[in-house]
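Novice: what follows is a predicted structure for the sequence shown.
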Amino acid sequence: MVTAERLRSILDYDPETGIIRWKINQRSGKKSGDIASYCGGVGYLCLRVDGRRYRAHRLIWLMQTGSWPTSQIDHVNGVRNDNRWINLREATPSQNCANSVHGGSFSGLKGAHYRPNRKGYKKWTSSIVKNRKLIYLGAFATAEEAHSAYAIAAARLHREFMRLA
């Protein structure tokens with residue numbers, strides 16, 4: 001595995017912008033000063049160092065702290081390619097999932113799940129996950145009520161890792 005010293009000798013990182021640049025010319029044709037990272041497919045920036053592919057935010061953590069992250073690195077604002085130092089923090093898998101952005105909701109509100117109307121039943125349910133455990137929050141007449149229940153539970157369970165959108 002690459003070391004912090006090795007990274008610091010070949011890369012420049014700007015904590016204000018999150019951009020990593022090469023310090024030295026590369027055999028691949030990249031020149032000193034060129035941006036070292038590229039889009040890795042699922043929104044994260046990646047780069048190759050000594051023939052091995054790494055996610056840029058993990059290398060940044062190593063360069064800035066001198067040690068590999070013990071678990072995951074969370075992007076505070078949910079933007080996977082925003083590697084400004086202020087936007088990165090260590091997180092457990094559960095915390096990282098709590099801060100994830102979920103798309104495709106029928107209601108557009110996190111934690112509000114539509115259930116087909118069954119005679120006499122409420123149409124919206126809400127649930128939350130903590131440490132891989134699904135916690136049912138109840139059934140509600142509106143998406144807004146279900147989302148509100150989620151928001152209250154998220155504030156209690158996820159604290160600073162809570163994301164409501």
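Specialist: Perfect, I can see it now. A quick note: this is a predicted structure, and the numbers were derived from the prediction, not measured. Numbers count the residues shown, from 1 in each chain.

Novice: in stretch 110-126, which residues are buried?
Specialist: Buried positions in stretch 110-126, judged by neighbour count with 16 or more other CB atoms under 10 Å: Lys110, Gly111, Ala112, His113, Lys123, Trp124, Thr125, Ser126. (C-beta placed from N, C-alpha, C; glycine too.)

Novice: what sits against the fifth one?
Specialist: For Lys123, the residues meeting the contact criterion (CB atoms under 8 Å, 6 or more residues apart in numbering) are Tyr114, Arg115, Pro116, Asn117, Ala141.

Novice: got it, and Thr17?
Specialist: By CB under 8 Å, 6+ apart, the contact list for Thr17 reads Arg84.

Novice: hang on, the earlier thing: among the contacts of Lys123, which two are most distant?
Specialist: Spatially, the most separated pair among the contacts of Lys123 is Pro116 and Ala141, at 14.7 Å (CB to CB).

Novice: count of neighbours near Glu145?
Specialist: Glu145 has 17 neighbouring residues, counting by other CB atoms under 10 Å.

Novice: for the closest residue to it other than its chain neighbours, what are phi and psi?
Specialist: Spatial nearest neighbour of Glu145, chain neighbours left out: Trp124 (6.8 Å); criterion: CB to CB, 6 or more residues apart in numbering. Main-chain torsions, Trp124, degrees, to the nearest 10: phi -120, psi 140.

Novice: surely Trp124 is in contact with Ala146?
Specialist: Yes. Contact criterion CB atoms under 8 Å: Trp124 and Ala146 qualify, at 4.2 Å.

Novice: point out where the chain drops to low pLDDT.
Specialist: Along the chain, segments meeting pLDDT under 70 span 97-107, 117-120, 162-165.

Novice: what count of nearby residues applies to the nearest residue in space to Gly66 that is not next to it in sequence?
Specialist: Once flanking residues are discounted, Gly66 sits nearest to Ala4: 4.9 Å by CB to CB, 6+ apart. By other CB under 10 Å, 16 other residues sit near Ala4.

Novice: list the contacts for Ala4?
Specialist: Applying CB under 8 Å, 6+ apart, we find Ala4 in contact with Leu62, Met63, Thr65, Gly66, Ser67.

Novice: on that earlier part again, ok, the residue nearest to Glu145 - contacts?
Specialist: By CB under 8 Å, 6+ apart, Trp124 lies in contact with Ser107, Ala112, His113, Tyr114, Arg115, Ala139, Phe140, Ala141, Thr142, Ala143, Glu145, Ala146.
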